[in-house]
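S.K.: quick one: sequence and predicted model below, then my questions.
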Amino acid sequence: MEIEQFYDDGLAHASYAIISNGEIALVDPARDPQPYYDYAQRKQAKIVAVIETHPHADFVSSHYEIHKTTGATIYASKLVQAAYPHRTFDEGDRILLGEVHLRAFNTPGHSPDSICVVAEDETGHASAIFTGDTLFVGDVGRPDLREKAGMLTAKREELAIQMYRSTRDFIMKLEKDMQVFPAHGAGSLCGKNLSPDRSSSIGRELESNQALQQMSEQEFVDALLEDQPPIPKYFGYNVDINKTGADNYLENMAKVPVPDHQPALMPGALIIDARPQEIFKAGHFFKAINLMNGLKFETWLGSIVGPEEKFYLVAEERPFLQTLIEKTAKIGYETNIIAAFIPDQPMLAQSRPLNLSSFTSNTEAYTIVDIRNEAEVKEKRFFKHALTIPLHELRERVGEIPKQKPVVVHCAGGYRSAAGASIIEGFLPELPVYDLSEAISKFQPL
């Protein structure tokens, strides 16, 4: 048996290929199926199974497309009530893959329909477990994503209790030498204290994972529910897509209009400008949002923009347009793109530069808007009287910003503040709005 991990840094998502005797089973594949086809070709093997550990909230899976392309059988818990062709895969069920057995275990907690998959190697030894979003390196999956999404919903408190039982009754009883392969690493919003390590062992997690330490059920529930990261707008939308199966990846991206010249823009349409902030600030479309083409572009796109909203994509060079479309497709937003283009006409809106020395000498003369998440603010504040509005809520809450003073926006490093300042500029054009950007590093936490 061989195990190959495929890792997407942008979404901190890990998927897997398990191979035995020329047969491959995929676990939690990403939206783009091509890397798995390439792997199968290199190994001269056939993809025969695709296993979904649960309907994912943070990315669109290619399970249905792989099934249609290769004929591979999709396996998922009966609790998913999946609308795509599949075989149910629950406690007691096995898949024979070459000389390897893959066993399903129901582990509700992150979602009511979560499973883990144990791989028994050619000797019959249970050597690896694919934990999906049940167990991560350093933590367990958050229990607050399925209160409104999917056919099977559950309150966060109920799922937190189920996670306690799944970990105590199953995970913590596994052999210590069993290798752990989770669906996410550090940076994912599916948990809060994830390690940058991409795999582990049961023994290591028993020693160091805070969620697997001795505590009462109530202590576990309280700790798990505390300070979870925000829930992006697109999460419920992705659960629904993954329950039915996504459209063809390449075909959908090919439908995105990419005109050779700047198109006539629909009045009032949302514009996502992914150019570097210095280019954006020198000239941009009125009310455009400066969401730069960075490592977490897709996550922040789905946090700021709702799944029902249409938008334009703007980049500084044509090759970047394809990258942006690919990132947008990871969260199922490619059909929301009105057009993706390079601006070739003058853009009259400009952002004001901040006089840093003037601001530093009299911060009270400004309304300071801190757009970090509540947990970040709780950990440390930079300005005593700052107004906290997390970036993912800013478009809905911009009316809370006082209009008596100039506004300075800050985050932790400058990426989010560029987006936040551009949002406030568009909603409050009468106010001077400034982006503190990377200069936040010059200020000490209180």
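M.R.: In hand now; what should we look at?
S.K.: which residues are in contact with Ile271?
M.R.: Counting by CB atoms under 8 Å, 6 or more residues apart in numbering, Ile271 touches 265, 285, 287-289, 311-312, 314. Every C-beta, even on glycine, is put in place using the N, C-alpha and C of the backbone.
S.K.: just checking, it is part of a strand?
M.R.: Yes. Assessed with DSSP: H, G, I helix; E, B strand; the rest coil, Ile271 lies in a strand.
S.K.: start at 597, not 1
M.R.: Right, with 597 as the first residue, what we last looked at is Ile867.
S.K.: check what pLDDT the closest residue to it other than its chain neighbours gets.
M.R.: Of all residues not flanking Ile867 in the chain, Ala884 sits nearest, at 4.1 Å (CB to CB, 6 or more residues apart in numbering). The per-residue pLDDT reported for Ala884 equals 98.
S.K.: what's the answer for the one 10 residues further on, then?
M.R.: The confidence metric pLDDT takes the value 97 at Glu894.
S.K.: right, and it touches Gly606 too?
M.R.: Yes. Assessed by CB atoms under 8 Å, Glu894 is found in contact with Gly606 at 5.7 Å.
S.K.: got any residues that touch both of these two?
M.R.: Residues touching both Glu894 and Gly606 (CB under 8 Å, 6+ apart) are 923, 926.
S.K.: between the two, which one's more packed in?
M.R.: More crowded of Glu894 and Gly606, by other CB atoms under 10 Å: Glu894, with 25 against 17.
S.K.: the closest residue to the more buried one other than its chain neighbours: what secondary structure?
M.R.: Once flanking residues are discounted, Glu894 sits nearest to Lys923: 4.4 Å by CB to CB, 6+ apart. Secondary structure, three-state DSSP: Lys923 is helix.
S.K.: quick one, what contacts Lys923?
M.R.: Neighbour list for Lys923: 606, 889, 893-894, 897 [criterion: CB under 8 Å, 6+ apart].
S.K.: turn these into TSV, columns for secondary structure.
M.R.: Shown next, in TSV, are the contacts of Lys923 (three-state DSSP):
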residue	secondary structure
Gly606	coil
Asn889	coil
Phe893	helix
Glu894	helix
Leu897	helix
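S.K.: which of those residues lies closest to Glu718?
M.R.: Gly606 (35.4 Å; CB to CB).
S.K.: separation between that closest one and Gln941?
M.R.: 31 Å (CB to CB, to the nearest Å).
S.K.: so Pro872 is in contact with Glu912, correct?
M.R.: Yes. At 7.0 Å, Pro872 counts as touching Glu912 under the criterion of CB under 8 Å.
S.K.: any chance of the backbone angles for Asn617?
M.R.: Here is the backbone geometry of Asn617 (degrees, to the nearest 10): phi 50, psi 40.
S.K.: please name the bridge partners of Leu692.
M.R.: His697 (DSSP bridges).
S.K.: report how many residues lie close to it.
M.R.: Residues near Leu692, counting by other CB under 10 Å: 12.
S.K.: quick one: residues contacting the residue nearest to Gln946 when sequence neighbours are not counted.
M.R.: Ranked by CB to CB, 6+ apart and with sequence neighbours excluded, the top spatial neighbour of Gln946 is Gly879, at 6.0 Å. Going by CB under 8 Å, 6+ apart, Gly879 touches 942-946.
S.K.: can I get the helix or strand of the chain with the lowest mean pLDDT in CSV? Just the C-alpha atoms.
M.R.: Ranked by mean pLDDT, DSSP states H and E, the weakest helix or strand in the chain is helix 970-975, scoring a mean of 92. Extracted in CSV, the C-alpha atoms of helix 970-975 (Å, rounded to 0.1, in the frame of the first residue of the first chain):
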residue,chain,number,x,y,z
GLU,A,970,-12.8,38.8,17.4
ALA,A,971,-10.5,36.1,18.7
GLU,A,972,-7.5,38.1,17.3
VAL,A,973,-8.7,41.3,19.0
LYS,A,974,-9.3,39.4,22.2
GLU,A,975,-5.7,38.2,22.2
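S.K.: helices of the stretch 697-846 of the chain, start to end?
M.R.: Ranges of helices within the stretch 697-846 of the chain are 752-765, 798-804, 813-821, 831-840, 845-850, based on DSSP state H, counting those that start in this stretch.
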